[in-house]
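Colleague: mind looking at a prediction? Sequence and model below.
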Amino acid sequence: MAHSDTAVRPAAVAGAFYPGNAVQLAQQVDTLLAHALDPHVRPKALIVPHAGYIYSGPIAASAYAAVAAMNPKPTKVVLLGPSHHVGFNGLALPGVEALSTPLGLIEVDQGLVEIMRRFPFVGESILAHKREHSLEVQLPFLQRALGRFTVLPLVVGHAAPADVARVLDAVWGGDETLIIVSSDLSHYLTFDEARVVDAYTAKCIGALCEGDLASEGACGAEPVRGLLVAAREHHLCARLLDLRNSGETAGDRLRVVGYGAFAFAPDEVT
């Protein structure tokens with residue numbers, strides 16, 4: 001389907017957070033996926049980090065390895081991430097028909113967009129999406145793991161967990177729908193401090209205890225809290241797939257960022 005330039009959200013961090021060249025990008029994502037172990041779980045939802053691929057790519061790949069192994073594959077992705085540049089209340093749609101990466105266009109699911117219009121706390125904000133990397137960095141992984149799919153992209157501002165859960169419930173669907181919340185964990189602690197804080201955050205997520213999840217424990221705490229509420233209501237179990245920080249991937253250990261990958265499924269599968 002052809003789109004006008006104004007109907008497409010262009011990639012904002014290609015060449016920075018991940019390669020801007022399509023061949024190099026596909027090779028990097030495929031290599032990360034090839035080195036990740038299939039966790040042998042069919043996730044209904046995932047929490048995945050969103051830093052530059054050299055930092056958080058291996059942790060993200062541990063989640064997307066599960067997606068790549070899914071059969072049948074989901075055809076719809078509900079993608080939520082925090083706002084890093086614009087402060088606002090509620091959740092924001094991008095107001096476009098497609099999202100662009102070096103690997104091609106991804107259609108925004110207009111049926112799911114119409115469902116979002118029921119909620120007074122969901123609006124449109126081109127500005128909230130324009131520079132936001134938390135959603136964008138997930139897209140090449142999804143393109144390589146799923147192939148063809150549509151997406152409902154939502155940047156989350158200040159939003160109550162119950163409101164985020166209501167949104168997720170409205171688009172929950174069946175096996176055709178995959179929910180992804182994009183979030184890094186602690187920021188700019190020492191290596192040892194981050195290990196302690198991130199372990200506690202992982203414990204809260206594993207127990208589906210949104211009330212114990214501290215904002216400083218995850219930059220995407222607001223969408224994560226909403227997912228935990230929804231997961232509890234839909235009787236999902238959380239499973240930790242990977243927990244590391246930038247001091248273990250590509251950075252120094254004086255000021256690190258924490259990364260965790262979590263899968264949510266009806267039953268834990270080992």
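Modeller: The structure has been received and is ready for your questions.
Colleague: contacts, neighbours, all on C-alpha from now
Modeller: OK.
Colleague: phi, psi for the residue nearest the centre of the chain please.
Modeller: Central residue of the chain (C-alpha atoms, centre = their mean): residue 182, 2.7 Å from the mean position. Main-chain torsions, residue 182, degrees, to the nearest 10: phi -100, psi 120.
Colleague: strands of this protein, start to end?
Modeller: Secondary structure of the chain (DSSP state E): strands at 8-9, 45-48, 76-82, 91-93, 98-101, 104-108, 122-124, 150-156, 177-182, 187-189, 237-245, 256-265.
Colleague: the last one packs against which elements?
Modeller: With contacts defined as 3 or more C-alpha pairs under 8 Å, 6 or more residues apart in numbering; DSSP states H and E, the packing partners of strand 256-265 are strand 45-48, helix 53-68, strand 187-189, helix 191-206, strand 237-245, helix 246-249.
Colleague: and the residue nearest to residue 229 when sequence neighbours are not counted, how far is that from residue 200?
Modeller: Distances taken as C-alpha to C-alpha, 6 or more residues apart in numbering place residue 165 nearest to residue 229, at 6.0 Å, with adjacent residues excluded. For residue 165, the distance to residue 200 equals 23 Å [C-alpha to C-alpha, to the nearest Å].
Colleague: low-confidence stretches in this protein?
Modeller: 1-5, 268-270 (pLDDT under 70).
Colleague: got the strands of the chain as CSV, with distance to residue 205 columns?
Modeller: Shown next, in CSV, are the strands of the chain (distance: least, C-alpha to C-alpha, whole Å):
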stretch, distance to residue 205
strand 8-9, 32
strand 45-48, 10
strand 76-82, 16
strand 91-93, 22
strand 98-101, 30
strand 104-108, 29
strand 122-124, 25
strand 150-156, 18
strand 177-182, 12
strand 187-189, 17
strand 237-245, 7
strand 256-265, 8
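Colleague: most neighbours per residue, which of these?
Modeller: strand 45-48 (a mean of 28; mean count of other C-alpha atoms under 10 Å).
Colleague: check the spacing between the residue nearest to residue 58 when sequence neighbours are not counted and residue 147 real quick.
Modeller: For residue 58, ignoring the flanking residues on the chain, the nearest one in space by C-alpha to C-alpha, 6+ apart is residue 32 at 5.9 Å. Per C-alpha to C-alpha, residue 32 is found 16 Å from residue 147.
Colleague: all set now, cheers.
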